[in-house]
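Undergrad: quick one: sequence and predicted model below, then my questions.
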Amino acid sequence: MLLLLGGFLLLMLIGLPVALAMAVSSLVYILVTGITPDVTLAQRMIAGVESFPLLAVPFFILAGNLMNIAGVTGRIYKFAVALVGWMRGGLGHVNIVGSVIFSGMSGTAIADAAGLGTIEIKAMKDHGYSTEFAVGVTAASATLGPIIPPSLPFVIYGMMANVSIGALFLGGVIPGVVMTLAMMATVAYFAHKNRWGSDTPFSWSQIGSAGLEILIVLAFPLVVWLLVVAGLSVNLAVGIGLVALLALDWYYDFSAVMALMAPVILIGGMTLGWFTPTEAAVAAVIWSLFLGLVRYRSMTLQTVAKATFDTIETTASVLFIVTAASIFAWLLTVSQAAQTLTDAMLGITQNKWVFLLLANILILFVGCFIDTIAAITILVPILLPIVLKLGIDPIHFGLIMTLNLMIGLLHPPLGMVLFVLARVAKLSVERTTMAILPWLVPLLLALVAITYIPELTLWLPKYMGLSK
């Protein structure tokens, strides 16, 4: 156990990427101990990605990339300005609401920070906000990406923990609302403290237009569901709903509705059991292509090709981490290291609330040093047996783990959102870190609420019949 964990930590300290550190330390452990034939390394790494739910990963990533080049981010931003820009500290609220909407398309915090962050930070600086405040609110709101469905970390966790990915998606809805309200309250505090006004004039017509678009978005899955109940097939019901929406859009430019249909179809369809996460992700890709090539005509074959190659690159890095982490996690299990760590934690406490406190501290610490996907793949085999033994719902624990790891993305030394925003805002990593620190307060408060009020996570999956 010490050889495996010690080798991994040593290789990380000398600067080797996390995936390579896990693969090399696993190979060294196998060669030195002879615990299994060395060919097992390749076999287990291949087995780690032979999973149907993982097919959703490249399609989620591609959908996010296509939404970016289709010009959807700009439309989301304008929609958010109309909705909340009139409030005090308006563009701070716009930043958060924009991230809520965009998170329903990208599924990753880094895509949110890089996609909307570029638009939002520039707009906030142009309106007189400090760069530090713009960076802080952008970083905090980016953590909503993997909490509000769809979510790439939820797909990986669901595969590792053998729980319903649809239930995890639903479980993220109310925690996402809690986090959104906590962040908007923080913006309101800064606005009151600094005596900021609104950034756009209050307009009943703009509010009415934004409200109408929201109602149409929310009504779409209801209309499709009613058509299915009436006896139509799912495909025909979705088709009728889309034709009606396109007719409305022809009469009046519902740009935000058109942009939001992908996440609505995705979340609503999975909730009602129409299709799997992979099928939902494919539907999102098709919708993104429709928007970019047909509706907005903002895509070219060159930009689609670039988005595809970017997706291949990102998918390859994600799946390589999964393969390396799968052999590492398997060795933790067969070497009894996972059992030893489990016994050690149960020796400290068998109270589930105390365990959740210790788990939060551990995952927060790990999230500062290890990539989100790798951390999930390593930690689930260690912590899940304790979670089940103490009677903690694995869906609830999935939300806790993901939120902790999202907060870790904002921290040095390896916080990817931190480095992305430092590059976007042209700030030093040190100044970016200081800008983010105040925003850890609402995030940690939301983490405490989500940890110790399980119904925030579990009520919606139970109500929809996806969880006991």
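TA: Thanks, I have the structure now.

Undergrad: so where's the stretch 301-450 of the chain shaky on pLDDT?
TA: Within the stretch 301-450 of the chain, the ranges that satisfy pLDDT under 70 run 337-338, 413-414.

Undergrad: how near is residue 190 to residue 129?
TA: According to C-beta to C-beta, to the nearest Å, residue 190 and residue 129 sit 10 Å apart. Every C-beta, even on glycine, is put in place using the N, C-alpha and C of the backbone.

Undergrad: repeat for residue 141
TA: Taking C-beta to C-beta, one finds residue 141 at 14 Å from residue 129.

Undergrad: out of the two, which sits in the busier spot?
TA: Taking other C-beta atoms under 10 Å, residue 141 and residue 129 do not tie; residue 141 has more neighbours (32 against 22).

Undergrad: how about the strands in the protein?
TA: Shown for the chain, no strands are assigned by DSSP state E.

Undergrad: can you tell me the closest non-neighbouring residue to the most centrally placed residue in it?
TA: With distances taken as C-alpha atoms, centre = their mean, the residue of the chain nearest its centroid is residue 146 (1.2 Å). Spatial nearest neighbour of residue 146, chain neighbours left out: residue 153 (4.7 Å); criterion: C-beta to C-beta, 6 or more residues apart in numbering.

Undergrad: so what's that neighbour up against?
TA: Residues near residue 153 by C-beta atoms under 8 Å, 6 or more residues apart in numbering: 146, 372-373, 376, 402, 405.

Undergrad: then residue 172?
TA: For residue 172, the contact set (C-beta under 8 Å, 6+ apart) comprises 146-149, 151, 154, 399, 402, 457.

Undergrad: I'd like those as JSON lines, with distance to residue 432 appended.
TA: JSON lines is the format used below for the contacts of residue 172 (distance: C-beta to C-beta, whole Å):
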{"residue": "146", "distance to residue 432": "20"}
{"residue": "147", "distance to residue 432": "22"}
{"residue": "148", "distance to residue 432": "24"}
{"residue": "149", "distance to residue 432": "28"}
{"residue": "151", "distance to residue 432": "25"}
{"residue": "154", "distance to residue 432": "27"}
{"residue": "399", "distance to residue 432": "27"}
{"residue": "402", "distance to residue 432": "23"}
{"residue": "457", "distance to residue 432": "31"}
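
Undergrad: before we move on, the earlier item: any idea how far residue 285 is from the residue nearest to residue 146?
TA: Between residue 153 and residue 285 the computed distance is 20 Å (C-beta to C-beta).

Undergrad: again, but for residue 14
TA: Distance from residue 14 to residue 285, by C-beta to C-beta: 40 Å.

Undergrad: looking at those two, which has the bigger crowd around it?
TA: Comparing residue 14 with residue 285 by other C-beta under 10 Å, the one with more neighbours is residue 285, at 21 against 7.

Undergrad: what subset of the contacts of residue 153 is buried?
TA: Buried by 16 or more other C-beta atoms under 10 Å: 146, 372-373, 376, 402, 405, out of those.

Undergrad: show the pLDDT at residue 105.
TA: Residue 105 is assigned 60 on the pLDDT scale.

Undergrad: equivalent analysis for the one 5 residues further on, please.
TA: Model confidence at residue 110, given as pLDDT, is 66.

Undergrad: what's the burial count for residue 343?
TA: Using other C-beta under 10 Å, residue 343 is surrounded by 11 other residues.

Undergrad: an error on my part: the question was meant for residue 320.
TA: Neighbour tally, residue 320, other C-beta under 10 Å: 18.

Undergrad: many thanks, have a good one.
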